[in-house]
Each structure stands twice: as structure tokens, then as C-alpha cells.
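Enquirer: got a predicted structure here, sequence first:
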Amino acid sequence: MTLLQAINDPAELRRLKPEQLNLLAEELRQFLLESVSRSGGHLSSNLGTVELTIALHYVFDTPRDRLVWDVGHQTYGHKVLTGRRERMHTLRQWQGISGFPRRSESPYDTFGTAHSSTSISAALGMARAARLKGENWRTIAVIGDGAMSAGMAFEALNNAGVQQDVNLLVILNDNDMSISPPVGALNRYLARLMSGRFYAAAKDVGNSMLPGPVRALARRLTEHAKGFVVPPATMFEEFGFNYVGPIDGHDLDSLIPTLENLRELKGPQFLHVVTRKGQGYKLAEADPILYHGTGKFDPAEGILPAVAKTTYTEVFGNWLCDMAAIDERLVGITPAMREGSGLVRFEQMFPERYFDVGIAEQHAVTFGAGLATEGMKPVVAIYSTFLQRAYDQLIHDVALQNLDVTFALDRAGLVGADGATHAGNYDIAFVRCIPNMVLMAASDENECRRMLTTAYRYPGPAAVRYPRGAGPGVAIEPALSTVPFGKGEIRRQGKGLAILAFGPMVAPSVAAGAELGATVANMRFIKPLDVELVTQLAREHDQLVTVEEGSVMGGAGAAVAEALAAAGIVKPLLMLGLPDVFIQHGDPALLLSSVGLDAKGIAASIRRCFGAAEPRLVVNNS
Ligand SMILES: Cc1ncc(C[n+]2csc(CCOP(=O)(O)OP(=O)(O)O)c2C)c(N)n1
Ligand SMILES: CC(=O)[C@@H](O)[C@H](O)COP(=O)(O)O
Ligand SMILES: [Mg+2]
């Protein structure tokens, strides 16, 4: 039996001798590589946090001491050591364990995450709760250098620095990488900190352990005695933290004593550890971006290039380059999702018009707004789920001033393995209620390209939503043509029943419509809704059905209902979409079928609602 196989709980880990931990780290790293290569998942970040994870559970009394991971994509080792080793093969699969921490999954998962930069706020809340309840456990937040770039992390540091009575340890896991290479002034600052203090500071750990004022005095005495100026206080010290580091985050011999020392200190503590993304697997070390999030692969061969269908992301990336080539006002903006949003080629071709602003969705949107005020043509490429972070910026900074910003809303609808945290289920509901906004949903690749051109040419804020992955495989015209503004189209003429479908729901609706003899419309625009088409379909049919891959509450179907009500039309209306529950991770096709949004499910729901001679079908909820 290996050391790892004997650990089903951190208490068992804590029974190991310190000299056994390096072997355990080796075993854990190997286990993670094999396990992720079979399930798919976030590999590079997990290989990089093996030693840190072991050290944290070894030194701290988890789960009594609260461990809060930022983003949570690096918690596979934590899952393995906290009793979930045997379930790792189900990671990110339907009814399997999540790829992120989840409170419902384990008492060791103190805070649910997956969107970044929440850890310091949440940990500070916990630490304050401990004080208020008169309890003396400790709270530790682990945050990456990428996640640290977000405003929310600074809001938390700002607040924590003046709460000197809490026992909070913030660990900055600095691997000098976000998903892509890190950007921004903070990254440069961290690099300076590392070059100046690395290892030298580790030797000085004893001094770093002194409480803040004593340490300041020690610094002044040292300056005086040696007659030279020691490095100025770090930014984190200026924020009110006791800063320790940087130390080598792969060296258990420095991690463990440093954490043991910090464990005994009161007040806000800050430990800067340096790790390498992909550590221990040469291919991931060499290309941490490729191995950030992987599908299944053979570890011996690594990830091999595969012939795949064109994704919507690629459609967007190609469109952006084509449009930028003819319009030099175009500026492309991404909040830290260069690869995921399809901007790699754009950056290479138009580096001066490419802006990765870091994990800073709010800033990305208002930065775009500022550009628009000066006649530039910003295109904000953003996942639907991450636009949630910038809602006020969308309303207050863009829409209210009717600024000409184009939004490319990728990952709209269910996303699959990342699950509920990343699902783009709400953008229809939250965008369509904003005055001045235009919102389109692409039903195929070519329409996506045409809609992007339509949004771009529209002289106000406009968004195009499209799903993760590939579309139906429609040929893409090279021309930069538009779709008729505010107009839908009939895709199939039938009678009795009309299905009004939005975006990727057009294809399954056409199939369901063919089965039911129904008319099917591709509505294209959620806002402005094609009210003329809605009323025409209502006049010509007995029943109406709306289908969308978005929250049915407040969604496109609700827009149709509002339009009918406004026109005084009373007509049976069935609204199909995502139900009012968080839909968990799993294979995207399975998830869609579980909520009745495949052709079979749509037809079955229609039969159930409006009755039919044929036997009822059962929606597959498994
Ligand atoms: C609000 C938000 N924006 C973007 C992302 C996508 N994202 C996930 S991990 C990541 C990089 C995080 O970098 P870092 O914190 O340094 O962790 P590392 O990947 O280096 O381990 C990004 C941009 C996210 N999860 N949340
Ligand atoms: C953790 C995180 O937020 C990203 O790594 C995300 O998982 C990427 O998702 P895509 O694979 O859809 O780009
Ligand atoms: Mg990083």
C-alpha cells in the first residue's frame, strides 16, 4: 500500500513523519496526472499545488481550521487528501464530484468557488465570525497571482488590513501565470518582489515572524546598525499584513516550518509562495496553457492535435481579425481569457489593439466604455458567466450612455464539465431588461458571424450570445454581412402550432417541429424582439411554444409573453428553457436532454402540454 492509499482524511496525513511527505507528494502528483488524464480537468494548477496542499493539511487542523481556495481549480489534491480519492474518476461528470470546491460535497470545502478572487473576502468573513463567536480556529485563503489581479481581492485586502484582531492567513500562490501569461502592473510588482527577496527572505523568516510593529522596529534598527537601507515594506505590509516570503512552494522543508510559525501569529498574515504551473510533468511545465484545462489524454504521449469541428469561439476569433483588418477603430478586450475566447490570432495580428486586462471583468467593460466615448469600436469578448461580474458596468457605464460597445458573449447556455458556476444561463434575463441593449442569439456558425457584424455596425451597445463548442457545421461565408435588424425568420412552415426558437435551440426545434407538423421560427433577436413575427405567428396558429437555452424565468419566452400581452393577444403559450435550479456538471448533450431541451424532449413537452393522440414521451431526467 502506498502512503497515499492510506490517507482517507487529513488526520491520517498528520500522523506521517515530516520525512515521509516528499514521497507522499510524489505519489499525489502521479495520482493527479493519471486521474486527470482519464477524466479531463484542470491539470497544470493542480500539479503546481501538490506540496502546498500537503503542507496546509499537515500543519493546520482542517476542517476545524478553515481552508478557502480561490477559483478552486487547483483543489484536486485537496479532494484526494480529504476522502475523495476513490471518487476522482467521476470528476466533472454527471453526478460525479465537482471540479471545484462545493460545500455540499465535503466539510473540507468551506466555500464554493469557481469564479475567481473571492477567497480573501470569504476567509475574512469566516475569520470575523470566529471572533464574533469567541472561537479560536484559523482561516487560510489560498489565492493565485492571476486571481490576485481582480478588484475584489484588493477590496478584501483593504478591509482585512484594518481588522487586526482576526486570525487570517492569505497565501499568494505565485506561479507567474494566469491561464495565459500574466498581465498588468501587479504582475510586474510580484516579479520585482521575487527577484529582490527570493530565498534571502526565506532565511529571514524568523524576522518576518515578528509582529508588525516589532518588525518595523527591527527593520529600522537593522538599517541603523548596518548603515544601509533595507528593502521598503511590500505593498502587502502597507495594507496592514505581516508579509512573509517569497518562499519555494515546492519545498516542504521550508513550507512546513513557515506555516507552523505563521499558525501561531495573530492578525492578518500574508505568505508569498512561488510555485511552477505543471510542476513535475515536463509537458505541462513546458506548456502550462495547453494543460490548464484538458480533455482525456495519454500521459505518455501528451495532448495530441486533433481534427475538430469549428467552434463558435473560432468563428468569433476569425470574425474579429477580419473586421479589425478593415476597421482600425476596432479594439479587442479580454478579461484574462485569451485562449478561451479565441483571441490568440488577434493578439498576434493586432498587438496594439489587443488588451488582456487581467481577471477584471468590471474594468474590461468600463475600459470599453471609455474607448467608445472617443469613437473607438471596442469588442468585449467575455464568457456569459463572467459578464455577471460586470453587471453595473454594463448598465451604468455602457447602456445608460448608449455607448457603442460590442459584446461577444461566449459560453452562453450550459457549459458541461465546469457545471453550475460557469453556466451562461442568465444573460438573456439580465441583459434584455436593460434599456438600449440589443441582444441576439446565434443558431449556427454563419449566423454568428453575421450577428457579430450586425452588432458591430449597430451604433450602440449590442451583444451576441453563442454556446461553448461547435455548432451544426454550417458553411461560413467570408463576407462580413449582417442579418436584418430586429427580424426573425421562418425556418419551417407547419400549422396549428408555432415554435419560436432562439439560438442553438433552433436546430432541435426544427427537428421537433418536423415531428409535430409545427411551424418553426428562428427568432434571432431577443431584443428588439420581432413583435411583428410574434403577432403574425399568434394570429396564424392555435398554440405557441418558445424554446431557449437560458433561464426560462425572465428569458426570451417571457419577452414573447410580454409582447403578446401588450398586443392584447390571448393564446396558449408554452415556455421551454432552463428551469429555476442550478444545473450541475456533466456531458452537455446529457444535460440538455435532462432538462428536455433536445428534439425529443421539446416534442415531448409540447405533447404533454397541448395533448396529442400519440402516447406521451418521458423527458429523460437521468
Ligand atoms: C471571475 C473569473 N474570471 C475568469 C476566470 C477564468 N479563470 C479561471 S482560472 C484563471 C487563471 C487564474 O490564475 P491564478 O489565480 O494565478 O491560478 P493558476 O491558474 O495560475 O493556478 C482564470 C482567468 C474565473 N474563473 N473567474
Ligand atoms: C476555472 C476556469 O474558470 C476556467 O479554467 C474554465 O474552466 C475554462 O473554461 P473553458 O474550458 O470553457 O474555457
Ligand atoms: Mg497563477
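Expert: That came through fine. Ligands and ions are numbered 1, 2, ... in the order given.

Enquirer: contacts only, for the nearest residue to residue 342 once chain neighbours are set aside.
Expert: The shortest distance from residue 342 to any non-neighbouring residue, by Cβ to Cβ, 6 or more residues apart in numbering, is to residue 317 (3.1 Å). C-beta coordinates here come from the backbone N, C-alpha and C atoms, glycine included. Shown in contact with residue 317 (Cβ atoms under 8 Å, 6 or more residues apart in numbering): 341-346.

Enquirer: among these, which one lies nearest to residue 252?
Expert: Nearest to residue 252 out of the contacts of residue 317 is residue 344 (Cβ to Cβ; 36.6 Å).

Enquirer: what about the spatially closest residue to that closest one that is not a sequence neighbour, which SS state?
Expert: Leaving out its chain neighbours, the residue that sits closest to residue 344 by Cβ to Cβ, 6+ apart is residue 338, at 6.1 Å. For residue 338, the assignment made with DSSP: H, G, I helix; E, B strand; the rest coil gives coil.

Enquirer: how many residues are close by residue 338?
Expert: The tally of other residues near residue 338 (other Cβ atoms under 10 Å) stands at 22.

Enquirer: these two touch, right, it and residue 347?
Expert: Yes - using Cβ atoms under 8 Å, residue 338 is in contact with residue 347, at 6.4 Å.

Enquirer: now do the same contact list for the residue of the chain found nearest ligand 2.
Expert: Closest approach between the chain and ligand 2, counting by Cβ to the nearest ligand atom: residue 340, at 3.4 Å. Each residue near residue 340 by Cβ under 8 Å, 6+ apart is listed here: 179, 313, 383, 410-411.

Enquirer: how about residue 82?
Expert: By Cβ under 8 Å, 6+ apart, residue 82 lies in contact with 9-10, 57, 62-63, 106, 108.

Enquirer: quick one, grab the pLDDT at it.
Expert: You'll see residue 82 listed with a pLDDT of 98.

Enquirer: next, give phi and psi for it.
Expert: When read as degrees, to the nearest 10, the backbone of residue 82 gives phi -110, psi 40.

Enquirer: ok, it to residue 188 distance?
Expert: 36 Å (Cβ to Cβ, to the nearest Å).

Enquirer: before we move on, what about residue 24?
Expert: Using Cβ to Cβ, residue 24 is found at 36 Å from residue 188.

Enquirer: neighbour count: those two, which is higher?
Expert: Comparing residue 24 with residue 188 by neighbour count (other Cβ under 10 Å), the higher total belongs to residue 24, at 22 against 11.

Enquirer: so what's the more buried one up against?
Expert: 3-4, 7, 13, 16, 54.

Enquirer: and if you look at residue 461?
Expert: Contacts of residue 461 by Cβ under 8 Å, 6+ apart are 394, 398-399, 402-407, 436-438.

Enquirer: change it to 7 Å
Expert: Contacts for residue 461 (Cβ atoms under 7 Å, 6 or more residues apart in numbering) come out as 398-399, 402-403, 405, 436-438.

Enquirer: domain-wise, how is this structure divided?
Expert: Per the record, the chain has its domains at 4-286, 312-465, 489-610, by automatic domain parsing.

Enquirer: can you redo these as TSV with distance to ligand 1?
Expert: Listed next are the domains of the chain as TSV, based on distance: least, Cβ to the nearest ligand atom, whole Å:
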stretch	distance to ligand 1
domain 4-286	2
domain 312-465	4
domain 489-610	14
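
Enquirer: residues of the stretch 401-550 of the chain that sit close to ligand 2?
Expert: Counting by Cβ under 6 Å from any ligand atom, the stretch 401-550 of the chain comes close to ligand 2 at 411, 415, 418, 468.

Enquirer: most neighbours, which of the residues you listed?
Expert: Ranked by neighbour count (other Cβ under 10 Å), those have residue 411 at the top, with 28 neighbours.

Enquirer: find the closest residue to ligand 3 in this structure.
Expert: residue 144 (3.8 Å; Cβ to the ion).

Enquirer: and the one residue sitting closest to the centre of the chain, which helix or strand is it part of?
Expert: Nearest to the mean C-alpha position of the chain, counting by Cα atoms, centre = their mean, stands residue 115 at 4.8 Å. Under the criterion of DSSP states H and E, residue 115 resides outside all helices and strands.

Enquirer: stretch 137-145 and ligand 2 in contact?
Expert: No - figure legend: stretch 137-145 not in contact with ligand 2 (Cβ under 6 Å from any ligand atom); closest approach 10.6 Å.

Enquirer: as TSV, the contacts of residue 24 with secondary structure would be great.
Expert: Listed next are these as TSV, based on three-state DSSP:
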residue	secondary structure
3	coil
4	helix
7	coil
13	helix
16	coil
54	helix
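
Enquirer: drop anything exposed from the residues you listed.
Expert: The neighbour count (16 or more other Cβ atoms under 10 Å) marks 3-4, 7, 13, 16, 54 as buried among the contacts of residue 24.

Enquirer: make TSV out of those residues and add distance to residue 150 and pLDDT.
Expert: As requested, the buried ones among the contacts of residue 24 are exported to TSV (distance: Cβ to Cβ, whole Å; pLDDT from 0 to 100):
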residue	distance to residue 150	pLDDT
3	37	98
4	34	98
7	33	98
13	31	98
16	36	98
54	27	98
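
Enquirer: alpha carbons only: can I get the longest helix seen in the chain in CSV?
Expert: Longest helix of the chain, by residue count under DSSP state H: helix 21-39. Output in CSV follows, covering the C-alpha atoms of helix 21-39 (Å, rounded to 0.1, in the frame of the first residue of the first chain):
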residue,chain,number,x,y,z
LEU,A,21,6.0,13.9,3.0
ASN,A,22,8.2,14.2,-0.1
LEU,A,23,7.3,10.6,-1.0
LEU,A,24,3.6,11.4,-0.5
ALA,A,25,4.0,14.4,-2.8
GLU,A,26,5.5,12.2,-5.5
GLU,A,27,2.6,9.8,-5.1
LEU,A,28,-0.1,12.5,-5.1
ARG,A,29,1.4,14.2,-8.2
GLN,A,30,1.4,10.9,-10.1
PHE,A,31,-2.1,10.1,-9.0
LEU,A,32,-3.3,13.5,-10.2
LEU,A,33,-1.7,13.1,-13.5
GLU,A,34,-3.2,9.7,-14.1
SER,A,35,-6.6,10.7,-12.8
VAL,A,36,-6.9,14.0,-14.8
SER,A,37,-5.6,12.2,-17.9
ARG,A,38,-8.6,9.9,-17.6
SER,A,39,-11.3,12.3,-16.5
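
Enquirer: buried stuff in that helix?
Expert: Residues 21, 24-25, 27-33, 35-37, 39 are the ones in helix 21-39 that count as buried (16+ other Cβ under 10 Å).

Enquirer: over to the residue nearest to residue 113 when sequence neighbours are not counted. Which of the three states is it?
Expert: Distances taken as Cβ to Cβ, 6+ apart place residue 72 nearest to residue 113, at 3.9 Å, with adjacent residues excluded. Taking three-state DSSP as the rule, one finds residue 72 in the coil state.
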